[in-house]
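Chemist: give me a model of this one.
(one chain, ligands or ions: 2)
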Amino acid sequence: MEKSMASLIMIFGATGDLAKRKLFPSLYRLFEKGRLTKQFAVIGVARRSLSNEEFQQSVKDSVLTALKKDENIDEFISHFSYHSHDVADSNSYAALKNLADQIDDHYSLKGNRIFYLAMAPEFFGPIALHLKSDGLTDVKGYKRLVIEKPFGHDLESAKELNKQIRTAFSESEVYRIDHYLGKEMVRNIEVIRFANAIFEPLWNNRYISNIQITSSETLGVEERGRYYESSGALRDMLQNHMMQMVALLAMEPPIKLTTDEIRSEKVRVFRALRTVEGEQVKDYFVRGQYGEGTIEDEQVPKYRDEPMVEKDSNTETFVAGKIMIDNFRWAGVPFYIRTGKRMTRKSTKIVVQFKDIPMNLYYQTEKMLNPNLLVIHIQPEEGITLHLNAKKAGGHLDAQEVKLSFANTGIHAMNTPEGYEKLLYDCMRGDATNFTHWDEVAYSWNFVDKISEVWQKTKAADSFPNYQSGTMGPKAADELLEKDGYFWWPVTDLEVDMCK
Ligand SMILES: NC(=O)C1=CN([C@@H]2O[C@H](COP(=O)(O)OP(=O)(O)OC[C@H]3O[C@@H](n4cnc5c(N)ncnc54)[C@H](OP(=O)(O)O)[C@@H]3O)[C@@H](O)[C@H]2O)C=CC1
Ligand SMILES: O=C1O[C@H](COP(=O)(O)O)[C@@H](O)[C@H](O)[C@H]1O
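Modeler: Ligands and ions are numbered 1, 2, ... in the order given. Below is the predicted model:
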């Protein structure tokens with residue numbers, strides 16, 4: 001892994017939402033922390049016509065809006081240039097190359113280049129091909145391609161995209177972003193598991209009854225109706241973020257903490273996923289679409305009334321599923337996952353439910369004790385809570401539930417620049433551990449495609465909307481667990497106990 005941070009970062013889509021809300025503030029934070037030396041430069045690329053000064057002002061505005069501070073901002077933005085460029089226009093790459101070469105010389109960037117594609121996915125392949133054919137990747141230093149999600153629409157399109165990218169970049173030069181892998185507590189999963197003698201020996205089907213992962217949002221589809229109509233919750237959240245969390249929870253301890261070892265353990269989890277197809281899909285997966293309702297005292301419209309959404313849309317805004325990992329460690333342990341828009345609250349949590357002990361000597365003996373739970377709070381609060389049973393103070397030997405909580409002192413915010421900040425920094429250092437390898441993407445699409453094929457054929461449009469905005473999804477999602485003798489641990493109850 002290099003120590004040198006010298007690099008030229010080209011952001012394609014530099015006038016867009018992602019660049020403004022996440023990328024510029026993240027770069028500024030790296031600059032503030034001294035992680036960007038004087039040897040860095042950014043070229044913003046987009047179609048609209050902007051002078052360098054106008055672009056620098058927009059970078060400054062976005063930092064101020066996101067972070068409410070601007071110390072040394074003029075020095076920071078002086079490293080930014082703008083190039084008006086239509087990525088579909090083959091002729092304009094030559095000018096971009098000239099500008100990149102000049103800036104490289106000016107800042108002594110040693111030919112190190114990061115190409116960040118913050119644009120609609122249909123452009124990813126063509127841009128990668130042009131970067132090679134027009135000589136932008138012909139450099140003495142490193143060249144890296146950072147790609148936003150979605151990586152394809154299904155396995156076939158992902159393969160095609162990968163083929164195009166790989167003509168210009170090797171696998172080790174491709175950094176496929178999954179911003180959940182930048183979240184502090186997602187990165188903490190492996191440490192909690194592998195650095196604690198009290199968890200690792202229990203982390204298997206002898207002691208764990210089920211694992212639940214909930215990622216709920218209160219936001220609706222907002223202005224992204226066009227994209228979301230062809231994506232739905234299955235492709236938008238499950239294929240990437242949710243599957244990545246499953247892999248981190250289920251993987252074997254890596255031999256070493258290297259990118260290759262960690263990725264190969266995650267891939268082994270994907271290989272062990274039980275395929276769910278055809279008739280089985282309805283037994284393992286549930287879909288939903290939000291109707292109107294109330295969120296934080298505000299009346300919100302149904303999905304079908306959102307901009308750029310079909311009036312009879314078949315798109316799911318909620319998905320819940322049972323994932324089985326057919327290997328020695330996990331045989332018989334369901335991983336339940338659910339994610340959706342317009343739910344009761346914004347929350348991402350993992351609940352590891354341990355098996356009940358054989359009999360209860362305490363409390364009301366006809367009842368089971370509360371099971372031990374390990375809750376990993378991903379967001380908005382960050383931390384862990386361990387639910388135990390202990391003696392009630394003063395009383396006889398009655399047991400009651402007690403909770404041991406640890407709260408990260410980090411900044412508690414959702415989809416914060418911090419995730420992107422860490423990932424950008426990793427990319428500059430050449431650490432691809434928290435980016436997804438092609439094999440992970442391919443296995444994950446293979447799993448998801450079987451579900452979406454069935455959902456395409458058997459439309460649910462007649463039963464949609466099937467959950468009210470402001471609720472935790474359709475009743476069928478509860479039944480999915482009930483038939484196995486479990487229930488979703490309510491995210492609300494788990495939240496109140498975090499000490500801050
Ligand atoms: N926004 C977010 O929070 C998230 C976004 N993403 C992903 O990031 C990517 C970008 O999303 P987002 O920023 O929201 O998209 P936007 O629509 O806000 O921005 C698109 C950008 O692409 C530029 N652009 C469009 N067409 C061309 C062209 N032909 N040539 C050059 N530039 C062009 C636009 O500028 P101009 O019109 O001036 O050309 C603009 O800068 C997508 O892949 C999305 O899925 C992923 C996770 C979260
Ligand atoms: O990738 C995506 O993630 C966001 C949710 O991210 P979070 O960090 O706020 O949990 C989701 O809203 C969006 O639809 C999806 O594309």
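
Chemist: the closest residue to ligand 2 within the stretch 151-300 of the chain: neighbour count?
Modeler: Distances between the stretch 151-300 of the chain and ligand 2 by CB to the nearest ligand atom are smallest at Asp236, namely 4.8 Å. Backbone N, C-alpha and C define where each C-beta goes, glycine included. By the criterion of other CB atoms under 10 Å, Asp236 has 23 neighbours.

Chemist: now it: phi and psi?
Modeler: The phi/psi pair for Asp236 (degrees, to the nearest 10) reads phi -70, psi -40.

Chemist: my read: it touches Tyr228, true?
Modeler: Yes. Asp236 is in contact with Tyr228 according to CB atoms under 8 Å; the separation is 6.6 Å.

Chemist: pull the helix or strand hosting Lys322 out as PDB, backbone CA atoms only.
Modeler: Assigned by DSSP states H and E, Lys322 belongs to strand 318-323. The C-alpha trace of strand 318-323 is given here as PDB (Å, rounded to 0.1, in the frame of the first residue of the first chain):
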ATOM      1  CA  PHE A 318     -39.700  -2.800   0.500                       C
ATOM      2  CA  VAL A 319     -38.100  -6.200   0.600                       C
ATOM      3  CA  ALA A 320     -37.800  -8.700   3.400                       C
ATOM      4  CA  GLY A 321     -36.100 -12.100   3.000                       C
ATOM      5  CA  LYS A 322     -34.700 -15.100   4.600                       C
ATOM      6  CA  ILE A 323     -31.200 -16.000   3.500                       C
END
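
Chemist: tell me the average confidence for the next helix or strand after it?
Modeler: Later in the chain than strand 318-323, the nearest helix or strand by DSSP H and E is strand 335-340. Mean per-residue pLDDT for strand 335-340: 98.

Chemist: then stretch 80-88?
Modeler: 95.

Chemist: measure it end to end?
Modeler: 23 Å (CA to CA, to the nearest Å).

Chemist: need the three-state assignment for the residue in the stretch 251-400 of the chain that ligand 2 sits nearest to.
Modeler: Per CB to the nearest ligand atom, Thr348 is where the stretch 251-400 of the chain lies closest to ligand 2, at 5.9 Å. Counting by DSSP: H, G, I helix; E, B strand; the rest coil, the backbone at Thr348 sits in strand.

Chemist: burial of it, as a residue count?
Modeler: Quick note: Thr348 (other CB under 10 Å) scores 25 neighbours.

Chemist: again, but for Asn314
Modeler: Asn314: 17 neighbours (other CB under 10 Å).

Chemist: residue of the stretch 251-400 of the chain nearest ligand 1, please.
Modeler: Met308 (12.8 Å).

Chemist: so that residue sits in a strand?
Modeler: No. Note on Met308: no strand contains this position according to three-state DSSP, which reports coil.

Chemist: up against ligand 2, what does the stretch 151-300 of the chain have?
Modeler: 217, 236-237 (CB under 6 Å from any ligand atom).

Chemist: swap the cut-off to 5 Å and go again
Modeler: By CB under 5 Å from any ligand atom, the residues of the stretch 151-300 of the chain that approach ligand 2 are Asp236.

Chemist: for Leu30, see how far away the spatially closest residue to His130 that is not a sequence neighbour is.
Modeler: Nearest residue to His130, sequence neighbours excluded (CB to CB, 6 or more residues apart in numbering): Tyr93, at 5.1 Å. As judged by CB to CB, to the nearest Å, Tyr93 and Leu30 stand 28 Å apart.

Chemist: out of the two, which sits in the busier spot?
Modeler: Between Tyr93 and Leu30, counting by other CB under 10 Å, Leu30 is the more crowded of the two (21 against 18).

Chemist: quick one, what contacts that one?
Modeler: 36, 421, 424-425 (CB atoms under 8 Å, 6 or more residues apart in numbering).

Chemist: ok, now with 10 Å
Modeler: 5, 36, 40, 76, 417, 420-422, 424-425, 428 (CB atoms under 10 Å, 6 or more residues apart in numbering).

Chemist: min pLDDT across these, which one?
Modeler: Out of the contacts of Leu30, that is Pro417, at 63.

Chemist: how near is the residue nearest the centre of the chain to Val87?
Modeler: Relative to the mean C-alpha position of the chain, the nearest C-alpha, by CA atoms, centre = their mean, is the one of Tyr180, at 3.0 Å. According to CB to CB, Tyr180 and Val87 sit 27 Å apart.

Chemist: one more: His130?
Modeler: 7 Å.

Chemist: neighbours around Cys427, how many?
Modeler: Cys427 has 21 nearby residues by other CB under 10 Å.

Chemist: how far away is the residue nearest to His130 from His106?
Modeler: Going from Tyr93 to His106 by CB to CB gives 20 Å.

Chemist: is it correct that the residue of the stretch 151-300 of the chain closest to ligand 2 is in contact with Phe318?
Modeler: No. Contact criterion CB atoms under 10 Å: Asp236 and Phe318 do not qualify, at 11.1 Å.

Chemist: please work out the residue of this protein nearest to ligand 1 and name it.
Modeler: The chain approaches ligand 1 most closely through Gly16 (2.2 Å), counting by CB to the nearest ligand atom.

Chemist: and that residue, what does it touch?
Modeler: Counting by CB under 10 Å, 6+ apart, Gly16 has contacts 23, 46, 118-120.

Chemist: for Ser133, same thing?
Modeler: Ser133 neighbours (CB under 10 Å, 6+ apart): 90, 93, 167-168.

Chemist: repeat that for Gly332.
Modeler: Neighbours of Gly332 in contact, by CB under 10 Å, 6+ apart: 205-206, 208-210, 324-326.

Chemist: what about 7 Å?
Modeler: Asn205 (CB atoms under 7 Å, 6 or more residues apart in numbering).

Chemist: excluding chain neighbours, what is closest to the residue of the stretch 251-400 of the chain closest to ligand 2?
Modeler: In space, Thr348 is closest to Ile378, 3.8 Å off (CB to CB, 6+ apart).

Chemist: and the longest helix for the chain?
Modeler: helix 438-457 (DSSP state H).

Chemist: what is the burial count for Glu298?
Modeler: Glu298 is surrounded by 10 other residues when neighbours are defined as other CB under 10 Å.

Chemist: err, Leu257, not the other one
Modeler: Neighbour tally, Leu257, other CB under 10 Å: 11.

Chemist: and it, what's its pLDDT?
Modeler: In this model, Leu257 carries a pLDDT of 90.

Chemist: residues in contact with it?
Modeler: Contacts of Leu257 (CB under 7 Å, 6+ apart): none.

Chemist: part of a strand, is it?
Modeler: No. Checked against three-state DSSP, Leu257 lies outside a strand; its state is coil.

Chemist: can you tell me how far it is from Leu248?
Modeler: Leu257 is 13 Å from Leu248, by CB to CB.

Chemist: cool, and Thr37?
Modeler: Distance from Thr37 to Leu248, by CB to CB: 32 Å.
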